[in-house]
Structures are given as C-alpha cells and as structure tokens.
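In: Next come a sequence and a model predicted from it.
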Amino acid sequence: MRYEAPTSVEAATELLAGGKPEARVLAGGTDILVQMHMDAIAPELLVDIKNISEMRQIESLDDGYRFGAAVTGVELMDHANFCRTWPGVMDGVKLIGSLQVRGRATVAGNVCNASPAADSVPALIAAGAIATIAGPNGRRDIPVEDIGTGPGKTSLENGEILVSFFLAKARPSSGGAYQRFTPRTEMDIAIVGVGIDLTLGDDGVCTHARVALGAVAEKALLVEEAAATLIGTKVDEQALDNLAAAASAACRPIDDKRGTKEYRIEVAGVLARRVAAIALSRAKSAREK
Ligand SMILES: Cc1cc2nc3c(=O)[nH]c(=O)nc-3n(C[C@H](O)[C@H](O)[C@H](O)COP(=O)(O)OP(=O)(O)OC[C@H]3O[C@@H](n4cnc5c(N)ncnc54)[C@H](O)[C@@H]3O)c2cc1C
C-alpha cells in the first residue's frame, strides 16, 4: 500500500484519479483505519488530506462560514463563534464518538463514510450546508443531502474529494438543534437522529424550516413534508403533533438489534417534537438578542 500526503487539493485529486480503483482519502482515520484493520477494505493508495492548508481552515465570511474537510470535531468545538452561530450543527458534531475520537474525526469523513446513522449529517442538512467537491473536471457545489446515496456509498465520482462545507449566514431569529436516540447514553450508534432548523418572523410565526432524519432509511433524509407542518404556525402543540406524524411517515427503517422498524418509526416522531422544541427556544433566544 502506498501513502501520499499532498499539500494541495489539485495534487490530491490527481492522485485519486490516477487509475487506482482502490485509492481512498484518509482524513482522521477513525472510520477508514478501523475498516482496514477489520480487512473490510484494502486500499492500494491512501491520500492523506491533513497537509492541505485550504482544508484545515475555519473561515468567517461576509455571507457565512466555510470550514475545510480536514477540520476536526474538536477544532470546531474550540471555535466559540462558530459554536454560537451553529448550535444545531455542533449538537451533531459533539455526539461523534468520544473526545479522543473527535480529536481526529472530521465532519467530511462523517459525511463521506456514508453511514445512515452519522450524527453530523442530519444536523448539516437541516442547516442547509453546501459541500464543495473538487475533481478532475474542476469544482462543484452540492447540498449535503445529495452526498450519501446508501450505506457506505456517495455520489462522489472517481477522483473527487470533498474540500469544504459552506453554511450561509444564519437568518435572524433562527435556531437549530440535533438529537439522537441510542440504546446506550454514549459511544453508540443512533437508532434515530433528528436535525431541525427553523426561523421565526416578528409575530413569532415560523417562516422557514428544514427537517432531516438519520438512521431511518438507507441515507439521511431531508423531509419537506415535515418542515411544511411547522411553516406558518407558532410551532404550537398541534403543529408538533403534525410534525411527529410527518416525521414517522417518512421513515423506511431496517429492523436490527438496536430497534425494530415500528420502534424507530415511533421514536422518530417523539424525537422530532423534542428537537423542534429546542430549535424553537434557540430561535426565540436569537430574536431577543
Ligand atoms: C469509537 C468510535 C466511536 C464512534 N462514534 C460515532 C458516533 O457516535 N457518531 C458518528 O456519527 N460516528 C461515530 N464514529 C465514526 C467516525 O468517528 C466518524 O464517522 C468520523 O467523523 C469520520 O471522520 P474521519 O475524519 O475519521 O474519516 P476517515 O476515517 O478518515 O474517512 C472516512 C471515509 O470518508 C472518506 N473521506 C474522508 N474525508 C473525505 C473527503 N474530504 N473527501 C472524500 N472522501 C473522504 C474516506 O476515504 C473514508 O471512506 C465513531 C468511531 C469510533 C472509532
């Protein structure tokens, strides 16, 4: 096996597109090294992206935030302004493994590993995150919900690499939240994860919402029908009942040792109510500032 640590995105994409079908990106290694140790994969070439400075930056821009694919969970947790601006995204990031895992793990790795239960993914989708992808044909931007296509599978083409994420400036009076439900309280895989972002108008009526579900389908889902139950309401009890029903209706989960299909469908509705209440309270606090 060959190991390369290029210092530019272009050099990384050239290596990845260089005709080696088993070339893989190495970010924090918390998924890929485990998979290699278990002999689940045997890449011929590992392209380490941690020496690419563009991928190590967290940038506050006039129109939002951009953070690179090699930024670790802990680096985001240490960025006070990012955490204040995107509490819902950070709810997801803070749930990835333990502090030690987050010291290595990246959000891009969480997205590109394409586990349907990945914790940062519904949170990013709810926040409307856009990923910049680079490849042999240049760069393109895609919403995070269009990256995962199934367990372990992404829409990235041969030679493509995720470079960074962009989060457009948060609307005034908006709030986001993510929670997951696990059989154990820590270091476990979600049986359901829910991310919700919502925005309130001056009259307290919800003007914009995004709802994303994890671990209840082959990939994380953006559920527009669930968002529609909140928009135009004050996120009252009736709206929360409708949200819970829409979230449950969108699930197409598997049965496994962590939970049955019926259980996951029920929990998705319960969790969606809870997450919407947190997002609402954060949006109200943002309005009072
Ligand atoms: C003990 C333990 C507990 C964990 N708990 C959780 C948990 O609770 N929740 C959770 O969601 N995850 C959990 N994980 C999984 C893991 O830590 C995350 O998925 C992590 O975010 C992966 O990031 P990484 O940088 O380590 O990725 P890597 O392992 O380096 O890469 C993961 C995959 O993504 C690809 N990849 C990485 N970066 C890019 C890129 N920029 N462009 C294209 N492809 C790329 C790699 O080729 C590889 O296929 C846990 C892992 C461990 C070991």
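Out: Here it is on my side, so go on.
In: can we go C-alpha only for contacts and neighbour counts from here?
Out: Fine.
In: Is it correct that residue 136 is in contact with residue 15?
Out: No - Residue 136 is beyond contact range of residue 15, at 10.1 Å (criterion: CA atoms under 8 Å).
In: Residues of the stretch 1-150 of the chain that sit close to the ligand?
Out: Residues of the stretch 1-150 of the chain that fall close to the ligand, judged by CA under 6 Å from any ligand atom: 24-32, 69, 95-97, 101, 104-110, 112-113, 118-119.
In: Which of those fall within strands?
Out: If you go by DSSP state E, these have 24-26 in strands.
In: Most neighbours among the residues you listed, please name it.
Out: Neighbour counts for these, by other CA atoms under 10 Å, peak at residue 25, which reaches 25 neighbours.
In: What residues are bridge-paired with that one?
Out: Per DSSP bridges, the residues bridged to residue 25 are residue 47.
In: What pLDDT is listed against it?
Out: Looking at residue 25, its pLDDT is 97.
In: surely it meets residue 47?
Out: Yes - proximity of residue 25 to residue 47 meets the contact threshold set by CA under 8 Å, at 4.8 Å.
In: Pull up the overlap in contacts between the two.
Out: residue 16 (CA atoms under 8 Å, 6 or more residues apart in numbering).
In: where along this structure do the strands fall?
Out: Going by DSSP E, the chain shows strands at 2-4, 23-26, 45-48, 58-61, 64-68, 130-135, 138-143, 148-150, 153-154, 161-168, 174-181, 192-200, 206-214, 221-222.
In: any idea which of these is most buried?
Out: Ranked by mean neighbour count, the strands of the chain are led by strand 192-200 with a mean of 30 (mean count of other CA atoms under 10 Å).
In: From the contact counts, what lies against that one?
Out: Helices and strands in packing contact with strand 192-200 are listed as helix 87-93, helix 120-126, strand 174-181, strand 206-214, helix 261-288; criterion 3 or more CA pairs under 8 Å, 6 or more residues apart in numbering; DSSP states H and E.
In: Looking at the strands of the chain, spot the one closest to residue 88.
Out: Closest to residue 88 of these is strand 174-181 (CA to CA; 3.7 Å).
In: for the record, mean pLDDT for that closest one?
Out: Averaged over strand 174-181, pLDDT sits at 97.
In: now do stretch 64-77
Out: Averaged across stretch 64-77, pLDDT comes to 98.
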